[in-house]
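J.: whatever this is, show me its structure:
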Amino acid sequence: MDDGAAIKADDILATARERAYAMRLEDIDPTDPEIYLTDTWGPYFERLRREAPVHYAMSSSFEVGPVWSISRYNDIMAVDTNHEVFSSEPAIGLRDPRADFKTPMFIAMDPPKHDEQRKTVSPVVAPAHLAHLEPIIRERAAKILDDLPIGEELNWVDKVSIELTTMTLATLFDFPWEDRRKLTFWSDVATSLPESGLLGTTDPEEHQQRRQRHMLECVDYFTQLWNERVKSEPRNDLISMLAHGESTRNMDRMEYLGNLILLIVGGNDTTRNTISGSVVALNQNPDQDRVLRDNPGLVPNMVSETVRWQTPLAHMRRTATRDIEFGGKTIREGDKVVMWYISGNRDETVIDRPNDYWIERPRVRQHLSFGFGIHRCVGNRLAELQLKIIWEEILRRFPRIELVGPPKRTLSSFVHGFEQLPVVLPTRS
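T.: Numbers count the residues shown, from 1 in each chain. The predicted structure follows:
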């Protein structure tokens with residue numbers, strides 16, 4: 001990125017810091033998607049960690065209402081590992097399920113049902129299956145990179161990040177290859193806000209109607225695949241596992257949809273946005289780019305540092321099952337409690353130099369991005385594997401990936417990612 005763009009970004013961040021410290025604490029709203037779109041979330045969480053680490057405020061969205069924001073690393077871990085007091089039901093997002101469109105999913109369930117359904121799909125990311133997938137992912141990554149033009153501007157998000165993760169996701173589902181980009185679309189629809197305009201409207205009700213229509217198209221498509229797999233011998237793909245699993249084979253249509261959304265979004269957004277985030281991070285930190293290229297053996301470290309630095313899913317929500325004193329505040333039964341992983345990953349009381357992108361960081365896996373406790377991301381090793389492979393193949397091919405314009409970020413307080421990343425590959429090794 002050129003110096004002018006960097007200076008402008010610094011000015012925007014400085015203005016955000018002034019605003020964050022000038023406003024009343026009760027007016028700080030971490031759920032506002034605009035602060036993620038403009039990449040100005042940092043100062044607001046910095047102040048909350050210092051002055052109000054357990055913070056109660058009204059969300060800017062009328063659908064959400066008041067939320068408790070937990071912003072410090074150790075407090076987030078305390079919530080995440082206490083599922084008896086901080087329940088995942090009825091939802092892990094800010095909004096409660098609509099009465100007319102409930103999509104139960106195992107990440108938004110408590111034991112024992114959560115444990116049983118999670119166990120059903122976990123073999124797809126077991127070490128033996130990852131060993132099987134590794135050469136397949138590497139071959140695809142190599143082809144994606146070899147097909148990129150030299151000296152021409154391209155959107156890295158679309159050409160690399162989405163393409164690799166969608167290919168992998170299609171393999172996990174044994175999904176029809178020619179339709180694999182439907183998975184990307186359904187993932188984007190599932191997490192979209194009306195303000196994004198993704199579905200051709202910014203009206204909340206119209207957006208919701210269109211979103212529901214696309215989600216029903218998703219489950220209709222997958223039901224055809226389910227009917228095929230349930231009549232066959234069990235296989236190592238996610239649909240077959242769900243169709244034959246003791247705890248999942250009798251799911252109704254909406255619970256099937258809920259688990260599909262979970263697996264599609266979980267298998268797509270984390271990896272996709274960390275691949276894009278790594279390009280941004282190394283452009284913003286050219287010294288770290290040189291360190292990596294001088295020592296490619298640091299790729300696994302770089303992957304973990306990028307997962308922390310990017311934090312591809314900014315938060316998870318819990319619901320208090322009873323009144324509890326927490327951080328000097330009284331959280332009431334039924335209150336929404338939001339763990340801001342994106343803030344905990346920058347907690348200066350736990351993480352040394354938290355705002356630095358530092359690929360030689362000691363204890364580099366000490367981050368919150370995959371969560372903790374029973375809901376720790378089931379696919380974290382697969383995400384790391386894809387990131388490791390793509391960067392090993394990048395380093396073999398391209399001496400530099402040049403960011404040639406500002407990234408277009410995702411309008412969301414949940415998915416912390418990118419829609420467009422304009423880059424040029426000046427030369428090929």
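J.: where does the stretch 51-200 of the chain dip in pLDDT?
T.: The model of the stretch 51-200 of the chain has pLDDT under 70 over residues 62.
J.: which residues of it fall in helices?
T.: Counting by DSSP state H, counting those that start in this stretch, the stretch 51-200 of the chain has helices at residues 73-80, 113-121, 127-146, 156, 163-173, 181-191.
J.: right, and those helices - which one's nearest Met241?
T.: Evaluated over the helices of the stretch 51-200 of the chain, closeness to Met241 peaks at helix 113-121, with 5.4 Å, by CB to CB. Heads up, the C-betas are built off the backbone N, CA and C, glycines and all.
J.: buried sites along stretch 278-295?
T.: Buried residues in stretch 278-295, defined by neighbour count with 16 or more other CB atoms under 10 Å: 278-283, 285, 288-289, 291-292.
J.: which residues touch it?
T.: Contacts to stretch 278-295, defined as CB atoms under 8 Å, 6 or more residues apart in numbering, come from residues 1, 6, 156, 298-299, 302-303, 306, 309-310, 357-360, 387, 391, 395, 399-403, 407, 418, 421, 423.
J.: can I get the CA coordinates of it in PDB?
T.: What follows is stretch 278-295, C-alpha atoms only, in PDB (Å, rounded to 0.1, in the frame of the first residue of the first chain):
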ATOM      1  CA  SER A 278      -2.000 -12.400   6.200                       C
ATOM      2  CA  VAL A 279      -1.500 -10.400   3.000                       C
ATOM      3  CA  VAL A 280      -2.600  -7.200   4.700                       C
ATOM      4  CA  ALA A 281      -0.500  -7.800   7.700                       C
ATOM      5  CA  LEU A 282       2.700  -8.500   5.800                       C
ATOM      6  CA  ASN A 283       2.100  -5.400   3.600                       C
ATOM      7  CA  GLN A 284       1.600  -3.300   6.700                       C
ATOM      8  CA  ASN A 285       4.700  -4.800   8.300                       C
ATOM      9  CA  PRO A 286       7.400  -5.200   5.700                       C
ATOM     10  CA  ASP A 287      10.000  -6.100   8.300                       C
ATOM     11  CA  GLN A 288       8.000  -9.200   9.100                       C
ATOM     12  CA  ASP A 289       7.600 -10.000   5.400                       C
ATOM     13  CA  ARG A 290      11.500 -10.000   5.200                       C
ATOM     14  CA  VAL A 291      11.800 -12.200   8.300                       C
ATOM     15  CA  LEU A 292       9.400 -14.700   6.800                       C
ATOM     16  CA  ARG A 293      11.100 -14.800   3.400                       C
ATOM     17  CA  ASP A 294      14.500 -15.100   5.000                       C
ATOM     18  CA  ASN A 295      13.200 -18.100   7.100                       C
END
